[in-house]
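Peer 1: got a structure for you, letters missing:
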Ligand SMILES: NC(=O)C1=CN([C@@H]2O[C@H](COP(=O)(O)OP(=O)(O)OC[C@H]3O[C@@H](n4cnc5c(N)ncnc54)[C@H](O)[C@@H]3O)[C@@H](O)[C@H]2O)C=CC1
Ligand SMILES: N[C@@H](CC=O)C(=O)O
Ligand code: NA
């Protein structure tokens with residue numbers, strides 16, 4: 001059978017691994033597809049850069065010609081433009097596209113999927129969420145007959161690596177981040193990882209698929225790990241917790257703002273016995289709660305060249321098979337459910353609040369009064385003796401674990417605690433997830 005021509009756009013950490021495998025595994029891939037794959041072009045920015053293992057004659061800076069000449073296009077350059085224009089051109093001419101670009105998908109999911117639909121081709125993106133872990137197909141296809149109620153996961157390898165190295169090795173933030181970059185886990189601009197935006201893009205894609213409604217990255221409440229200090233990591237550890245950057249996507253049946261969907265990303269405490277607490281390094285894990293299936297858990301490498309290449313190549317085999325067999329496969333489109341996104345203030349969570357207080361009678365009463373006023377309640381309070389300051393005032397550290405309450409009530413409580421005379425500083429506020 002005639003070879004299927006594959007153009008690859010971008011040849012960095014992931015692209016290098018994908019190109020090498022298309023060549024090295026050509027026989028096995030041809031068997032699985034029913035036709036050989038031919039890497040027809042590798043679009044790069046810099047032709048002079050050494051790329052061991054890649055046939056130099058394939059390198060080009062001319063993306064348009066490479067696409068025009070291809071049956072399948074793999075987009076691994078990242079970013080919104082020119083990726084969006086190039087993918088659209090590929091789809092419009094009838095080529096199937098495989099991408100790992102979550103930033104682009106989370107911003108323009110509906111538009112790009114419609115372009116694929118119009119041209120009766122596929123736009124596959126398994127690598128865009130949780131790297132090597134098969135999660136797009138399970139959520140979008142395998143569970144399409146069920147009702148997904150909640151997804152909670154670690155979906156960013158870089159931040160999990162950073163938090164894990166701080167927790168287990170006592171590394172500082174900067175050292176952990178630069179090592180994550182060296183290992184190929186981080187985005188070209190690592191503030192996307194650290195600021196939670198990469199995880200938010202993944203939460204948007206998962207929410208769209210799980211809830212059959214358009215959810216974009218702008219709909220996701222995002223907090224990153226910039227504010228997580230070595231002290232917070234150590235305190236969490238002392239108390240039997242670990243800090244993880246979590247993505248939570250859920251259907252909320254009741255809230256002060258009514259029913260709706262919530263998608264959010266923030267660092268949170270998990271008990272060390274929680275299954276997500278043992279997710280180390282750049283690994284990811286995703287828990288799904290579905291009405292009929294019950295609980296499901298997916299675990300594996302969420303970042304890095306080779307693991308991501310595995311997901312990309314799975315998609316390449318899938319779209320190539322379809323070209324051989326004919327037919328485009330089924331898409332659910334347009335999304336048919338309401339995407340009423342709830343504000344974070346309407347969501348129910350729990351907080352751990354650490355206060356630096358003056359150690360004198362009446363402190364606990366003042367703190368408790370604020371909680372009572374705001375309708376929030378304390379589950380646990382722990383006080384440890386602090387330092388004596390320059391005014392010879394004895395300080396104490398007060399850690400308060402709250403019961404579940406709305407974010408609005410907890411935020412107001414924290415604000416009012418900070419205004420109390422006896423509170424020198426609100427040292428940290430962090431949510432708690434899991435049992
Ligand atoms: N590195 C990882 O672990 C994972 C990455 N991804 C996604 O995969 C994509 C690629 O990521 P990496 O390989 O890590 O990034 P990278 O930065 O290592 O590679 C991107 C390559 O594309 C090239 N490029 C960018 N714009 C270009 C243009 N206009 N023309 C030609 N070449 C261009 C860059 O020069 C670079 O060599 C991104 O969308 C990323 O979000 C997804 C999952 C995991
Ligand atoms: N930068 C991302 C790469 C994979 O999606 C991450 O760290 O998870
Ligand atoms: Na995946």
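Peer 2: Received it, and whenever you're ready, just let me know what you need. Just so you know, these numbers come straight off a predicted model, no measurement behind them. Ligands and ions are numbered 1, 2, ... in the order given.
Peer 1: Please count neighbours and contacts with C-alpha atoms only from this point.
Peer 2: Will do.
Peer 1: Which residues of the stretch 151-300 of the chain lie near ligand 2?
Peer 2: The stretch 151-300 of the chain comes close to ligand 2 at residues 156-158, 185-187, 193, as judged by CA under 6 Å from any ligand atom.
Peer 1: Please apply the same query to the stretch 301-435 of the chain.
Peer 2: The stretch 301-435 of the chain has residues 302-303 near ligand 2, with proximity defined as CA under 6 Å from any ligand atom.
Peer 1: just to revisit the earlier point, quick one: which of the residues of the stretch 151-300 of the chain next to ligand 2 is nearest ligand 1?
Peer 2: Taking CA to the nearest ligand atom as the measure, ligand 1 lies nearest residue 185 of those, at 4.3 Å.
Peer 1: Hmm, the closest one is touching residue 159, no?
Peer 2: No. If you go by CA atoms under 8 Å, residue 185 and residue 159 don't touch, sitting 9.3 Å apart.
Peer 1: When these two are compared, which one has more neighbours?
Peer 2: Higher neighbour count among residue 185 and residue 159: residue 159, with 32 against 26, using other CA atoms under 10 Å.
Peer 1: What lies in contact with the lowest-mean-pLDDT helix or strand in the chain?
Peer 2: In the chain, no helix or strand scores lower on mean pLDDT, DSSP states H and E than strand 378-388, which sits at a mean of 86. Residues from elsewhere that reach strand 378-388, judged by CA atoms under 8 Å, 6 or more residues apart in numbering: 359, 368, 371, 394-403.
Peer 1: between the residues you listed, which has the most around it?
Peer 2: residue 398 (25 neighbours).
Peer 1: Provide the backbone phi and psi angles at it.
Peer 2: Here is the backbone geometry of residue 398 (degrees, to the nearest 10): phi -120, psi 120.
Peer 1: Excluding chain neighbours, what is closest to it?
Peer 2: residue 383 (4.5 Å; CA to CA, 6 or more residues apart in numbering).
Peer 1: what do you get for residue 32?
Peer 2: The shortest distance from residue 32 to any non-neighbouring residue, by CA to CA, 6+ apart, is to residue 317 (7.3 Å).
Peer 1: returning to what we had before: which of the residues of the stretch 151-300 of the chain next to ligand 2 are close to ligand 1?
Peer 2: Among those, the ones lying near ligand 1 by CA under 6 Å from any ligand atom are 185-187.
Peer 1: Give me the mean pLDDT for stretch 67-77.
Peer 2: Stretch 67-77 shows a mean pLDDT of 98.
Peer 1: go on, stretch 168-184?
Peer 2: Confidence over stretch 168-184 (mean pLDDT, whole number) is 96.
Peer 1: What of stretch 412-427?
Peer 2: Stretch 412-427 shows a mean pLDDT of 96.
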